[in-house]
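S.K.: this one's structure only:
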């Protein structure tokens with residue numbers, strides 16, 4: 001927020017989207033069409049994280065079409081698209097034209113804070129994607145995703161094959177009033193990933209440390225390979 005306060009253009013762009021101290025989302029949606037130009041102007045291969053919910057109910061499908069059109073035009077980049085609204089994401093892709101998805105440079109994911117919201121994964125895995133991921137951030141309780149991992153021993157073209165999670169991100173809540181994440185929750189999730197041979201990325205614990213069991217976990221999925 002400090003950067004926004006110092007830069008008048010950035011401040012104006014986000015005016016009215018948050019309120020209070022600490023700032024909280026007001027529910028107001030503002031489409032930033034000019035942001036869609038950034039990947040097209042960027043020549044160096046770059047990873048773009050689409051963390052603002054592209055599948056919010058107030059975002060029209062026409063704008064989502066534009067966003068994915070940019071991703072299709074920029075195969076040199078990787079786009080990580082995250083949502084809490086897997087039902088609307090499914091609705092969008094179910095109504096799309098056959099063959100336009102998945103793109104090899106797009107990673108689709110859902111936020112899952114704990115076991116209470118685990119059903120979002122079921123919706124995610126119904127959508128064809130080069131890579132499916134789960135963002136457990138903030139982690140607010142234990143989470144068991146073991147039955148959502150892929151069966152690496154079954155060929156991807158087998159009629160019995162079902163897609164699974166290809167990547168897991170985990171981290172604690174940040175900012176004033178943050179809720180505490182127990183280290184054993186994160187360790188349990190990491191152990192599930194190790195057992196399933198799925199990449200695990202740990203952002204930080206409630207104290208701000210990136211270490212988990214004495215080391216950083218910066219694993220990433222392969223893009224364009226055998227990620228199913």
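M.R.: Here it is on my side, so go on. Just so it is clear, the structure is predicted and the values come from calculations on it, not from any experiment.

S.K.: Isn't residue 45 up against residue 74?
M.R.: No - judged on CB atoms under 8 Å, residue 45 makes no contact with residue 74 at a distance of 9.3 Å. In this view, the C-beta of every residue, glycine as well, is placed from N, C-alpha and C.

S.K.: For those two, indicate the residue with more neighbours.
M.R.: Taking neighbours as other CB atoms under 10 Å, residue 45 and residue 74 compare with residue 74 leading, 21 against 11.

S.K.: Give me the pLDDT value at the closest residue to that one other than its chain neighbours.
M.R.: With CB to CB, 6 or more residues apart in numbering as the criterion, residue 74 has its nearest non-adjacent residue at 4.7 Å, and that residue is residue 39. pLDDT, residue 39: 95.

S.K.: residue contacts, residue 39?
M.R.: 46, 48, 70, 71, 74, 77, 79 (CB atoms under 8 Å, 6 or more residues apart in numbering).

S.K.: Could you identify the buried members of those?
M.R.: Among the contacts of residue 39, those classed as buried by 16 or more other CB atoms under 10 Å are 48, 70, 71, 74, 77, 79.

S.K.: Near the closest residue to residue 81 other than its chain neighbours, how many other residues are there?
M.R.: Residue nearest to residue 81 in three dimensions, not counting chain neighbours: residue 50, with 4.6 Å by CB to CB, 6+ apart. For residue 50, the neighbour count with other CB under 10 Å is 19.

S.K.: do residue 162 as well
M.R.: 12.

S.K.: got it, and residue 82?
M.R.: Residue 82: 21 neighbours (other CB under 10 Å).

S.K.: Local confidence estimate at it?
M.R.: So residue 82 comes in at 96 (pLDDT).

S.K.: check contacts around it.
M.R.: 49, 50, 51, 53, 109, 110, 111, 135.

S.K.: what's the answer for residue 199, then?
M.R.: 166, 167, 168, 193, 219, 220, 221 are the contacts of residue 199 under CB under 8 Å, 6+ apart.

S.K.: Go through these and name the one nearest residue 83.
M.R.: Minimum distance to residue 83 across those is 15.2 Å, recorded for residue 167 (CB to CB).

S.K.: about what we covered before: may I have the secondary structure class of the residue nearest to residue 74?
M.R.: Here residue 39 is helix, with the state taken from DSSP: H, G, I helix; E, B strand; the rest coil.

S.K.: any idea how far residue 75 is from it?
M.R.: Plainly put, residue 39 is 11 Å away from residue 75 if you go by CB to CB, to the nearest Å.

S.K.: can you pull out the helices in the protein?
M.R.: All helices of the chain, identified by DSSP state H, fall at 2-6, 8-13, 37-41, 61-73, 86-94, 119-124, 183-196.

S.K.: and those, which one's lowest on average pLDDT?
M.R.: helix 2-6 - the lowest mean pLDDT of those, at a mean of 44.

S.K.: Identify the residue spatially nearest to the residue positioned nearest the centre of the chain, adjacent ones excluded.
M.R.: For the chain, the residue nearest the mean C-alpha position is residue 82 (3.1 Å; CA atoms, centre = their mean). Counting by CB to CB, 6+ apart, residue 109 is the residue found nearest to residue 82 once chain neighbours are left out, at 4.8 Å.

S.K.: so residue 55 touches residue 63, yeah?
M.R.: No - the criterion here is CB under 8 Å, and residue 55 misses it with residue 63 at 10.6 Å.
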